[in-house]
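Enquirer: missing the sequence, but the structure's below:
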């Protein structure tokens, strides 16, 4: 029955954990982050244990006095060599002994408070450093890795997993404290009776070894927690991301059922684990009381210890035995949380492997757009799926270039390549002959602005959203950008003006207003290249016309690439590049291609006009 409870399966596993190796990796990581403070923490643990031990040891002479039966209240100290130099007569007064005990316990209480605060700060610094390290690894990685991952898994790692890493660190400190206390109590017990000390230690060690299956169970349960909570995060994230669609289809109950099922599974797994682990606690308690009875009987009948010595040995035994249980509990809890560290470590390593050049190595001076941006036989794909196939064309500086083509032809991939977010798998992209790549990639992004179809706005004020692109901008700079994006009038009509809160992802604004705020934000960067990726495809004709007017007014002040299929966002282009099935099939002057009835541009325009 007990074996079945320990071995019962509890669900799918996260990445496998090697308990001893991963624990050593975690401890090394924790103490590496802590640095010299880890040494101080260990010193404080030792000092605290010694103070507690001395206070217990002081009970022997006081208890011996209680059984003396005479009026001499001087306390005889134990026959310990290091005490002979302090009290040559072998006695101290009762008042002095009690005063010393009070002072020692008071000092211990103050010290414990200091130690607790120090340990809490140490643990918080460790967790914050770990969280920030993962956050920076994710943020500094190449964009391509994000296209292969769920955002909810990253949120889970930075929140739930890191919180469990904190728990793991906490239990490591408790484990270390239990080991130090065990060593201190063992030393005190040895000063009283070697055989009884060996008996207590032996009993605890046997019980600790017997509970090994429960520690293995904790490792499995920790892996299950990681997998289950990832599923929980995914359900919640998917629901919030698609809330509007879910409500429009009246399918909220599907997400409710998914979350309810996930929570029920977590509850069932947790109940099975707690049921199995409490068996170990019960067995340990039963063994402890049996051991205590044997301990007392042996101490009196075989070794003839005095009442005072037996009482103190009992105090020590009642401290030593729970330490083994504490060690067992701390190891179990650490193993439950350890998979979160393993998952976080693997995730961090994955992002570090995709790390971009650091800012310190960015060369911002090499790329300066004066003549053209050129694609040289550029290919790009994900695995076996080829999206662009040896694309070659030029984008003249200071002009407006329209990239057209059917959905799925690779237009948005071209935009990501122009932004320096993706790297060609073959070929290169150059700015005035200098390739974009390596140390020039991040520097190039400083000269580029981007307006996507799906606009992202912070749940903050209009001013805060604009200053995301230029933190030091003045209010006049903001109004200038809004004017250039034809957004000045509607912002002035808002009750709070620049301080108006736009809501989550800009929900309090219309689609056209969000798009114009996004364009104004892009213009705040004063870019050399402005990329518009289907920026008006979801807007009505009036809003498209407003944004088109804004773009036309920018002609000559910057290079503009517009990826679109509607006449209003193509008509002002100087050049057109047509993409089909990942290849550049046409390139040329807008007016000439428009007049050529066989061109892709002409067919696109005539097709859309006929639909209108």
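Expert: The structure has been received and is ready for your questions. Treat the numbers as computed from the prediction; the structure is a model and nothing was measured.

Enquirer: Where do the strands of the stretch 451-600 of the chain begin and end?
Expert: According to DSSP state E, counting those that start in this stretch, the stretch 451-600 of the chain carries its strands in the segments 529-533, 559-563, 575-580, 583-589.

Enquirer: how far away is residue 144 from residue 351?
Expert: Separation of residue 144 from residue 351 (CB to CB, to the nearest Å) stands at 11 Å. For the C-beta atoms, the positions are set from N, CA and C on the backbone; glycine is no exception.

Enquirer: ok, those two, which is more surrounded?
Expert: residue 351 (22 against 14; other CB atoms under 10 Å).

Enquirer: Can you name the residues that contact the more buried one?
Expert: 134, 137, 138, 140, 141, 145 (CB atoms under 8 Å, 6 or more residues apart in numbering).

Enquirer: So which of these wins on neighbours?
Expert: Ranking the contacts of residue 351 using other CB under 10 Å puts residue 134 first, with 22 neighbours.

Enquirer: Check the gap between the residue most central in space within the chain and residue 137 for me.
Expert: Nearest to the geometric centre of the chain sits residue 158, at 1.7 Å (CA atoms, centre = their mean). Separation of residue 158 from residue 137 (CB to CB): 11 Å.

Enquirer: go on, residue 375?
Expert: Remark: distance between residue 375 and residue 137 (CB to CB) = 31 Å.

Enquirer: try residue 429
Expert: With CB to CB as the criterion, residue 429 and residue 137 are 26 Å apart.

Enquirer: So which of the contacts of residue 351 are in helices?
Expert: Among the contacts of residue 351, the ones falling in helices (DSSP state H) are 134, 137, 138, 145.

Enquirer: so what's the last one up against?
Expert: In this case it means residue 145. Counted by CB under 8 Å, 6+ apart, residue 145 has contacts 350, 351, 354.

Enquirer: Please repeat the previous calculation with a cut-off of 7 Å.
Expert: 351, 354 (CB atoms under 7 Å, 6 or more residues apart in numbering).

Enquirer: All further residue positions should be reported with the first residue as 38.
Expert: Yep, numbering from 38; the last one is residue 182 now.

Enquirer: Identify, out of the strands of the stretch 488-637 of the chain, the most deeply packed stretch.
Expert: strand 596-600 (a mean of 26; mean count of other CB atoms under 10 Å).

Enquirer: Could you list the paired strands of that strand along with their orientation?
Expert: Strand pairing for strand 596-600, using DSSP bridges, gives strand 437-441 (parallel), strand 566-570 (parallel).

Enquirer: Show residues contacting the first one.
Expert: Strand 437-441 is contacted from outside by 432, 448, 451, 592, 597-602, 607, 609-616, 637-638, 641, using CB under 7 Å, 6+ apart.

Enquirer: sorry, back to before: which one of the contacts of residue 388 is nearest residue 426?
Expert: Taking CB to CB as the measure, residue 426 sits nearest to residue 182 out of those, at 23.0 Å.

Enquirer: how near is that closest one to residue 191?
Expert: Taken as CB to CB, the span from residue 182 to residue 191 is 10 Å.

Enquirer: Common neighbours of those two, please.
Expert: If you check residue 182 and residue 191 against CB under 7 Å, 6+ apart, no residue is contacted by both.

Enquirer: quick one: low-confidence ranges for the stretch 38-187 of the chain?
Expert: 38-56, 85-134 (pLDDT under 70).

Enquirer: What's the separation between the closest residue to residue 560 other than its chain neighbours and residue 566?
Expert: Sequence neighbours aside, residue 518 is the residue nearest to residue 560 in space, at 4.7 Å (criterion: CB to CB, 6 or more residues apart in numbering). Here the criterion is CB to CB. By it, residue 518 lies 17 Å from residue 566.

Enquirer: what pLDDT does residue 417 get?
Expert: As predicted, residue 417 sits at a pLDDT of 91.

Enquirer: and it, what are its bridge partners?
Expert: Going by DSSP bridges, residue 417 forms beta bridges with residue 425.

Enquirer: What is the burial count for it?
Expert: Counted with other CB under 10 Å, the neighbours of residue 417 add up to 23.

Enquirer: who touches it in this structure?
Expert: Taking CB under 7 Å, 6+ apart, one finds 424, 425, 450, 454, 459, 461, 462 in contact with residue 417.

Enquirer: how close does it sit to residue 459?
Expert: 6 Å.

Enquirer: Next: residue 331.
Expert: Look at residue 331 and residue 459: by CB to CB, they are 72 Å apart.

Enquirer: which of those two has more neighbours?
Expert: Set residue 331 next to residue 459 and count neighbours by other CB under 10 Å: residue 459 wins out with 20 against 12.

Enquirer: now residue 322: how far from residue 236?
Expert: Residue 322 is 18 Å from residue 236, by CB to CB.

Enquirer: what does residue 490 give?
Expert: 76 Å.

Enquirer: So for the two, which sits in the more crowded spot?
Expert: residue 236 (20 against 17).

Enquirer: Specify the local secondary structure of that one.
Expert: The three-state label given to residue 236 by DSSP: H, G, I helix; E, B strand; the rest coil is helix.

Enquirer: ends of stretch 458-465, how far apart?
Expert: 14 Å (CA to CA, to the nearest Å).

Enquirer: And the contacts of that stretch?
Expert: So stretch 458-465 is contacted by 180-181, 413-418, 427, 450, 453-454, 472, 474 (CB under 7 Å, 6+ apart).

Enquirer: Pipe the residues you listed into a markdown table and attach distance to residue 441 and secondary structure per row.
Expert: Shown next, in a markdown table, are the contacts of stretch 458-465 (distance: CB to CB, whole Å; DSSP: H, G, I helix; E, B strand; the rest coil):
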| residue | distance to residue 441 | secondary structure |
| --- | --- | --- |
| 180 | 24 | helix |
| 181 | 25 | helix |
| 413 | 21 | strand |
| 414 | 21 | strand |
| 415 | 18 | strand |
| 416 | 20 | strand |
| 417 | 19 | strand |
| 418 | 22 | strand |
| 427 | 19 | strand |
| 450 | 14 | helix |
| 453 | 17 | helix |
| 454 | 17 | helix |
| 472 | 26 | strand |
| 474 | 27 | coil |
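
Enquirer: Out of those residues, which is nearest to residue 60?
Expert: residue 181 (33.9 Å).
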